[in-house]
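Novice: Could you look at this predicted model? Sequence included:
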Amino acid sequence: EKRRLDTGALETAFDTDGIINGAAASQRAEDIAIDSTYLYVIGFNDGSTTWRIEKRRLDTGALETAFDTDGIITVAAGTAAEGISIDSTYMYVVGSDAAGFRIEKRRLDTGALVTAFDTDGIITGGGGSIAREIAIDSTYMYLVGYETALTWRIEKRRLDTGALETAFDGDGIISNGTGLRAYGIAMDSTHMYVGGEVTAGATRDWRIEKRRLDTGALDTTFGSSGVVTSAGGYRNFQVGRDSTYLYLVGDDEGPGIGDWRIEKRRQDTGAFDAGFGTAGAVTSATASESAWDLVLDSTYMYVVGYNETPDLRIEKRLISDGSLVQQQIDVGAPLAGLNTPATAPAQGTPFRLRLLIHVGGTELWLGEGNFKLQLAQRSGTCDAGFSGETYADVTGATAIAFYNNPTAADGWALTTNANDPTHAADPVVAQSYEEANNFSNTIAAFGPSEDGLWDFALVNSSAPASTTYCFRVIHAGGSQLDVYSS
């Protein structure tokens, strides 16, 4: 999915609806990396027995056919590709195969294996069970995962040859029987911060280690001898960082009963930031289950994972205090009551129209709807049969036109209001604020027997005095909806 950072709305220039549904052979996308033009997605095909790597354009989502002739690489020898990092020329992909850890180095442009890397571009059979994540600097790669016997495994290898760096813990590998599974890693110029879990069974806790990049030694000023154990967590799947803090995401209980958990801790000591959430931690709604990854900018964190349903879940939160972010646009006082004709303000003055679309028999899946708003000069009454009216699409140049609000953005998630329209006792699912056609349910799925709510910014651009207009919604393709109410 490609979405706006500000509103979360799907970007319809990307594969026409903002969503790419993978080929039937694919099963799961595990990680993603991007440069200025392309995205690189890795995962595996059905049955978890074949690696899958795709290169696509950031703008359209189209496969890049110069990459292995069709934009897709499948590796039958691989079991699951789990993590990817890129530099300006190469990708480094890690995961597992029948022999344990598997690492591949490939060209970004063609996808070809780089034979200077361990003679064939592939490292396998070196031990471990699954490499779950990778981070790189200008010279080395750092892999985290676990052994078959379920203890942490960390490796440091050269980017050019894949050789283990023996100055790191004596042999390039840390596998000392501690931890259970390591899932995530973040680095600064001196240290790595590795997150995962400790203790098998239902009492599992988060484990975070701070180690030196050069030697692998634990930093004893962090937590207890370089280790922080978080009893409030169950599995820590990823670690993010800024200049001062760590941001850790995962869950607080096992599958089916857990909720998302996010922690903010100091990088130097591992101590909670008490101003974040409740005593340094945020737990998401009970509908959430596991948070798998995050990215940060200077103000916000964007966290992704899934709900219990299990639907995709995305949250945008302030990194300062962990609060959820929702764009707020005040609609002001209503011009008229529900389903009552309203008098527009003076010409040139913007106003808002809110309306509901009801779903009857089957659910309208996320992004499935595609609609447009129309208007017509009234003939008689604004009846549901549209008798006597000639409807046309609302544009930026119609008599009643779309308004470009300088303080808001088309597609923002709308803010509900006590005066919003209702439809009997149907649940109302808030959708988006719109400044242009077309519009869709890019915020949430809804139905059956639920109503989606949209908010339109309009302005009396050139309507003659004492003229009345009617509005309706139709499918973007031109066909009418099944039923209208006047």
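Specialist: In hand now; what should we look at? Numbers count the residues shown, from 1 in each chain.

Novice: dump the residue contacts of R28.
Specialist: 43-44 (CB atoms under 8 Å, 6 or more residues apart in numbering). Placement of C-beta: from N, CA and C, glycine included.

Novice: Which phi and psi values does it adopt?
Specialist: Per-residue torsions, R28: phi -150, psi 140 (degrees, to the nearest 10).

Novice: Show me what it bridges to in the sheet.
Specialist: Judged by DSSP bridges, the bridge partners of R28 are F44.

Novice: Then E104?
Specialist: Beta-bridge partners, per DSSP bridges, of E104: V93, I122.

Novice: just use 30 as the starting number from now, easier for me
Specialist: Let's use 30 as the start, then, which means that last one is E133.

Novice: so how many other residues sit close to it?
Specialist: By other CB atoms under 10 Å, 29 other residues sit near E133.

Novice: residues in contact with the nearest residue to I132 once chain neighbours are set aside?
Specialist: Spatial nearest neighbour of I132, chain neighbours left out: I152 (4.2 Å); criterion: CB to CB, 6 or more residues apart in numbering. If a contact means CB under 8 Å, 6+ apart, then I152 has 130-133, 146, 186, 191 as its contacts.

Novice: per-residue confidence for I152?
Specialist: Per-residue pLDDT puts I152 at 98.

Novice: Angles on the backbone of W289, please.
Specialist: Main-chain torsions, W289, degrees, to the nearest 10: phi -60, psi 140.

Novice: ugh, wrong one, I meant A95
Specialist: Main-chain dihedrals, A95, degrees, to the nearest 10: phi -70, psi -10.

Novice: That one reaches T139, doesn't it?
Specialist: Yes. Contact criterion CB atoms under 8 Å: A95 and T139 qualify, at 6.6 Å.

Novice: Against Y432, how distant is D217?
Specialist: Between D217 and Y432 the distance is 47 Å, computed by CB to CB, to the nearest Å.

Novice: no no, D449
Specialist: Separation of D449 from Y432 (CB to CB) stands at 19 Å.

Novice: Tell me which of these two has more neighbours.
Specialist: Set D449 next to Y432 and count neighbours by other CB under 10 Å: Y432 wins out with 21 against 18.

Novice: Please name the residues that touch that one.
Specialist: 379, 464, 486-488.

Novice: One more: T190?
Specialist: Shown in contact with T190 (CB under 8 Å, 6+ apart): 145-147.

Novice: cool, and S114?
Specialist: Going by CB under 8 Å, 6+ apart, S114 touches 62, 120-121, 163-165, 170.

Novice: Restricted to buried residues, select these in PyMOL.
Specialist: The PyMOL selection below is limited to those of these classed as buried (16 or more other CB atoms under 10 Å):
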select buried, resi 62+120+121+163+164+165+170
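
Novice: from the contacts of S114, which is closest to G299?
Specialist: A164 (18.9 Å; CB to CB).

Novice: And the pLDDT for the closest one?
Specialist: With respect to pLDDT, A164 has a value of 98.

Novice: I figured it was touching Y171, is that so?
Specialist: Yes. A164 is within contact range of Y171, at 5.0 Å (criterion: CB under 8 Å).

Novice: anything in contact with each of these two?
Specialist: 214, 216, 221.

Novice: Now rank those residues by neighbours and give me the top one.
Specialist: Of all those, the highest neighbour tally under other CB under 10 Å goes to I214, namely 23 neighbours.

Novice: before we move on, the earlier item: mind putting the contacts of S114 in a markdown table, secondary structure included?
Specialist: What follows is the contacts of S114, written out as a markdown table (DSSP: H, G, I helix; E, B strand; the rest coil):
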| residue | secondary structure |
| --- | --- |
| A62 | strand |
| M120 | strand |
| Y121 | strand |
| I163 | strand |
| A164 | strand |
| I165 | strand |
| M170 | strand |
